[in-house]
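Student: with the input below, show me the fold.
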Amino acid sequence: MRSIVPLAILLSSIEINFCLATDPLAKDYGDLVFTTLLFRHGDRAITGQSYPKDPYKNESYWPMGYGQLTNQGKERHYEFGQWIRNRYTNFLPENYSSKDIYIRSTSVDRAIMSAAVNLAGMYQPYKDQQWNDNLGKLWQPIPIHSIPRNVDTALSFGDNCPRFKKEFNNLQNNPDIQQFNNNHKDVYNYIKENSGMNLTDLIYDSMNLYDTLLVESQFNYTLPNWTHAVFPGKLEEIAEMSFKLPTYTPILKKLSSGVLLNEIVEHMKLKRTGKLNPDIKLWIYSAHDTNVASLLNSLNIYNNKLPPYAAAVFLELRKNKNVNNSFVITVSYRNTSTHEPFLLQIPGCNSVACDLDQFIEVVKPLIVTNWYKECHTMEENNYMTYFGILAILLVAVSILFFIFNKKLFLCYCGRNYEKF
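Tutor: Residues are numbered from 1 along each chain as shown. A predicted model of the protein is given here:
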């Protein structure tokens, strides 16, 4: 198992040889104006959703805690933060300012910690931001914003959206999914026989098994012999299918990514008109592989491969070099540290540099502006409307009753008792 390295030593010891180039797209597509960045957290321990016969399910094998960020995950995101700093050298000021960058994370520890260590790589304290002669020269606190999962409509889709759950469950009746499960029934039976799992949800339970085995193999734990027949190959196929399911249909795409896309579009529209306040340059979402896959698949640019740790999607707003007062969006996917992010063309856009208005038109069918209305069926919305009307009537009756009784009370109290 990997040794534990103190963060201060980690921050001071990592050396990276960056190339001299900063923003490689500026020359061809225009100067950067605003960036939305969505990334996955770094390496983590198993989540605790292990299989019954797992020899490493005891938490003693995971001293950092189930689902928590590992030292390898910290290092990976610190290096990624330095990479971002290099790419945006001419875009982001060297000193941190809340007017330049905004960071939002899901309320999951590993996502928050990944954002924190990524920011440590981006913003080493300089000059007056050095707050003492020790750690203060290496690291500075930068705010990370988060809200509870049950009220997070942009990054934590599904659990708090009844319509999503209904549409998602309906996939079990989809002929393609049924055929997929039929093609993998031998794998499912093999898993049941050897892992001790019941597989109440064939695809997702198999995906959780794949995830557990992947993490354990990354920790150099010796996997049971029976796993060699299905891991990684056959289990990886099932895991890849699981990541497409949350955005498998147009309505699922909308319910999965609609709120996030609405935020992205609104920020860019405000940035174009100079009305984004504060005038943020980089808006970061620290999230999970499911978020990365769902955004890519909603935009129809997903490669159907599992997003690795620290996988990132860059949506960059640029001033069009060829047309005055025109803006374009470039979308890049970074899924490895050994290659520049892959520039992707969104279907419906005429170029990899998609005109902002064209981009808005392409994603318009996915945009969600009224989350509550979209997440409830028409019957539920009608019920809530009737309930609301009834509540208003009850309030009105209560007010009238109060006014009427107040009048009687005043009349009663205002009597001249000396006349009786």
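Student: show me where the stretch 101-250 of the chain has helices.
Tutor: 109-122, 162-169, 175-183, 185-195, 202-218, 233-244, 250-272 (DSSP state H, counting those that start in this stretch).
Student: quick check: which of these is nearest to residue 297?
Tutor: Checking those against residue 297 by C-beta to C-beta gives helix 233-244 as the closest, at 6.1 Å. C-betas here are computed from N, CA, C, even on glycine.
Student: using CSV, please lay out the helices of the stretch 101-250 of the chain together with mean neighbour count and distance to residue 77.
Tutor: Putting the helices of the stretch 101-250 of the chain into CSV (neighbours: other C-beta atoms under 10 Å; distance: least, C-beta to C-beta, whole Å) gives the following:
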stretch, mean neighbour count, distance to residue 77
helix 109-122, 24, 4
helix 162-169, 16, 29
helix 175-183, 12, 34
helix 185-195, 16, 32
helix 202-218, 21, 16
helix 233-244, 18, 21
helix 250-272, 21, 21
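Student: would you turn those helices into TSV with distance to residue 134?
Tutor: Below are the helices of the stretch 101-250 of the chain laid out as TSV (distance: least, C-beta to C-beta, whole Å):
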stretch	distance to residue 134
helix 109-122	15
helix 162-169	48
helix 175-183	56
helix 185-195	49
helix 202-218	33
helix 233-244	43
helix 250-272	37
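Student: ok, and the closest non-adjacent residue to residue 137?
Tutor: residue 130 (5.1 Å; C-beta to C-beta, 6 or more residues apart in numbering).
Student: ditto for residue 39
Tutor: With C-beta to C-beta, 6+ apart, the residue lying closest to residue 39 is residue 312, at 3.8 Å.
Student: what's across from that neighbour in the sheet?
Tutor: Beta-bridge partners recorded for residue 312 (DSSP bridges): residue 39, residue 334.
Student: is it true that it touches residue 80?
Tutor: Yes - using C-beta atoms under 8 Å, residue 312 is in contact with residue 80, at 7.4 Å.
Student: list residues touching both of the two?
Tutor: Counting by C-beta atoms under 8 Å, 6 or more residues apart in numbering, the shared contacts of residue 312 and residue 80 are residue 39.
Student: give me the most central residue, the chain.
Tutor: Closest to where the C-alpha atoms of the chain average out (C-alpha atoms, centre = their mean) is residue 287, at 3.5 Å.
Student: can you tell me what sits against stretch 101-119?
Tutor: Taking C-beta under 8 Å, 6+ apart as the rule, stretch 101-119 contacts 7, 39-42, 44, 67-69, 73-74, 77-78, 80-81, 84, 92, 96, 142-149, 152, 155-156, 280-288, 291, 310.
Student: and if you look at stretch 224-231?
Tutor: The contact list for stretch 224-231 (C-beta under 8 Å, 6+ apart) reads 53, 55, 187, 190, 191, 194, 210, 213, 214, 217, 223.
Student: farthest-apart pair in these, please.
Tutor: 55 and 187 (21.2 Å).
Student: ok, residue 208 to residue 106 distance?
Tutor: 19 Å (C-beta to C-beta, to the nearest Å).
Student: if we can go back for a sec, residues touching the residue nearest to residue 39, list them.
Tutor: 37, 38, 39, 40, 80, 292, 333, 334, 335, 341.
Student: tally of neighbours for the second one?
Tutor: Residue 38 has 24 neighbours, counted by other C-beta atoms under 10 Å.
Student: state the pLDDT value of it.
Tutor: At residue 38, the pLDDT value in this model is 98.
Student: when you give positions from now on, start the count at 48
Tutor: OK, 48 is where the count begins now, so the last one is residue 85.
Student: wait, it sits on residue 329?
Tutor: No - the criterion here is C-beta under 8 Å, and residue 85 misses it with residue 329 at 11.8 Å.
Student: how deep is residue 366 tucked in, by neighbour count?
Tutor: 17.
Student: show me what it is bridged to.
Tutor: residue 374.
Student: and the helices in the stretch 348-467 of the chain, which stretches?
Tutor: With DSSP H, counting those that start in this stretch, the ranges of helices along the stretch 348-467 of the chain come out as 403-410, 418-421, 425-460.
Student: which residues are in contact with the shortest one?
Tutor: The reference is to helix 418-421. 200, 208, 210, 301, 302, 305, 306, 415, 428.
Student: okay, among the residues you listed, which ones form the most distant pair?
Tutor: The widest separation within the contacts of helix 418-421 (C-beta to C-beta) is 17.4 Å, between 306 and 428.
Student: mark out where each domain of this structure begins and ends.
Tutor: What automatic domain parsing lists as the domains of the chain is 54-206+295-413, 222-292, 424-466.
Student: so which of those domains is the most surrounded?
Tutor: Mean neighbour count (mean count of other C-beta atoms under 10 Å) peaks for domain 54-206+295-413 among the domains of the chain, with a mean of 18.
Student: where does the prediction get shaky in the stretch 48-197 of the chain?
Tutor: Along the stretch 48-197 of the chain, segments meeting pLDDT under 70 span 48-68.
Student: returning to that earlier point: which of the helices of the stretch 148-297 of the chain sits closest to residue 70?
Tutor: Per C-beta to C-beta, nearest to residue 70 of the helices of the stretch 148-297 of the chain: helix 156-169, 14.9 Å.
Student: pull out the CA atoms of the closest one and give them to me as PDB.
Tutor: Written as PDB, here are the backbone C-alpha positions of helix 156-169 (Å, rounded to 0.1, in the frame of the first residue of the first chain):
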ATOM      1  CA  ASP A 156     -15.400  14.800   0.900                       C
ATOM      2  CA  ARG A 157     -13.200  13.600  -1.900                       C
ATOM      3  CA  ALA A 158     -14.600  16.200  -4.300                       C
ATOM      4  CA  ILE A 159     -14.100  19.000  -1.800                       C
ATOM      5  CA  MET A 160     -10.500  17.800  -1.000                       C
ATOM      6  CA  SER A 161      -9.700  17.500  -4.700                       C
ATOM      7  CA  ALA A 162     -10.800  21.100  -5.300                       C
ATOM      8  CA  ALA A 163      -8.600  22.200  -2.300                       C
ATOM      9  CA  VAL A 164      -5.400  20.500  -3.400                       C
ATOM     10  CA  ASN A 165      -6.000  21.500  -7.100                       C
ATOM     11  CA  LEU A 166      -6.300  25.200  -5.900                       C
ATOM     12  CA  ALA A 167      -3.000  24.700  -4.000                       C
ATOM     13  CA  GLY A 168      -1.400  23.900  -7.300                       C
ATOM     14  CA  MET A 169      -2.900  26.800  -9.100                       C
END
